[in-house]
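Here is a sequence with its predicted model. Questions after.
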Amino acid sequence: MKWKIFVDGQAGTTGLKIHERLAHHPHVEMLVIPEGKRKDPDARRAFLNGADLAFLCLPDQAASETAAFAAEGKTRLIDASTAHRTAQGWTYGLPELGAAWRTRIAGADRVSVPGCHATGFILALYPLVASGIIPPDAPVTCHSLTGYSGGGRGLIEAYQAEGRNESCRAPRHYALGLQHKHLPEMGHWTGLTQTPLFTPIVADFYQGMAVAVPLFKRILTKKLSALEIQAELASFYAGERFVKVMPYGAEDDLPGGFFNPLACNGTNRAEIFVCGREEQILLLTRLDNLGKGSSGAAIQIMNIMMGLDEGIGLGE
């Protein structure tokens, strides 16, 4: 059996990547809307409701509108926007958080794809909050460095334009009002009751990211060392295909001592490092913002929903 798959928003960065990854997927048949019909509401509705499963690769408002006219009970939806990541009736698509999460995803008709920054943050924090090591009301800070592809077509064009602004050469903080769109899911799905202080940074590389969460031992409910934190995370993610907790001290083997945010590019992997000494601990997660941070995660979710090996079309 082949599933009929439609990508609404197939010309965007995430939509293009999903099409690219599914080109040789043995269990899907892609429904491709003609170029001239992409903005025709009736045509989009017909393609959407003619599919077994549809990806929504749209701005938030458009994703909400499209979800509303999807045929309930027939077309299953995977939304790559931020519109439904904490919405009632939608399942959050991060299966590595436990067997119950995979079961919910497998049986769901509506699943949201986690944000790229949020993926790195939640993977590092969720096990520690859930086990009572980090208290829910802890003051948590996160700094996340990302490639410019995460900003969509406009930012990609700005970075790749001839005669581009010189400021693009240096890493740049943004969302300085501390209201980034990933914050609601970062707090909600880790179980934190205090909004994290989140500072994203865009840099002059196309894809890849590094999500850093510094912790002080004194804020922990259980006063564990960095080594013990690494062991907790390694145990939690043991056997996971796409999430790897690196051995304690792995930073000593980094070339020149520099952390490479591009090391997981082209994969669906996320790698978590735990560094630290005495009172200070650093959780550092790297992933491809276009892989495990968007299109790769979306296809992993699709495979789970279809009852397939979740790595089909993703490599290792």
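Nice, I can see it.

Check the gap between the nearest residue to residue 1 once chain neighbours are set aside and residue 303 for me.
Ranked by CB to CB, 6 or more residues apart in numbering and with sequence neighbours excluded, the top spatial neighbour of residue 1 is residue 27, at 7.4 Å. The way it works is simple: take the backbone N, C-alpha and C, and place the C-beta from them, glycine included. Distance, residue 27 to residue 303, by CB to CB, to the nearest Å: 8 Å.

Between these two, point out the one with more neighbours.
It is residue 303, of residue 27 and residue 303, that has more neighbours when counted by other CB atoms under 10 Å, with 22 against 17.

which residues does that one contact?
For residue 303, the set of contacting residues under the criterion of CB atoms under 8 Å, 6 or more residues apart in numbering consists of 309, 310, 311, 312, 313.

Confirm it sits in a helix?
Yes. Residue 303 forms part of a helix when assessed by DSSP: H, G, I helix; E, B strand; the rest coil.

how close does it sit to residue 240?
As defined by CB to CB, residue 303 lies at a distance of 15 Å from residue 240.

do the same with residue 250
Relative to residue 240, residue 250 is positioned 17 Å away (CB to CB).

for the protein, what's the longest helix?
Using DSSP state H to define each element, the chain has its longest helix at helix 116-130.

Which SSE is immediately downstream of that helix?
The helix or strand immediately downstream of helix 116-130 is strand 141-147, counting by DSSP states H and E.

can you list the weak-confidence ranges in the stretch 151-300 of the chain?
Across the stretch 151-300 of the chain, no stretch falls below the confidence threshold (pLDDT under 70).

which residue sits closest to residue 280, ignoring its sequence neighbours?
With CB to CB, 6+ apart as the measure, residue 216 is the residue that lies nearest to residue 280, at 6.4 Å, once sequence neighbours are left out.

hmm, I was thinking of residue 269
Spatial nearest neighbour of residue 269, excluding adjacent residues (CB to CB, 6+ apart): residue 242 at 5.4 Å.

and what of residue 221?
Once flanking residues are discounted, residue 221 sits nearest to residue 135: 4.9 Å by CB to CB, 6+ apart.
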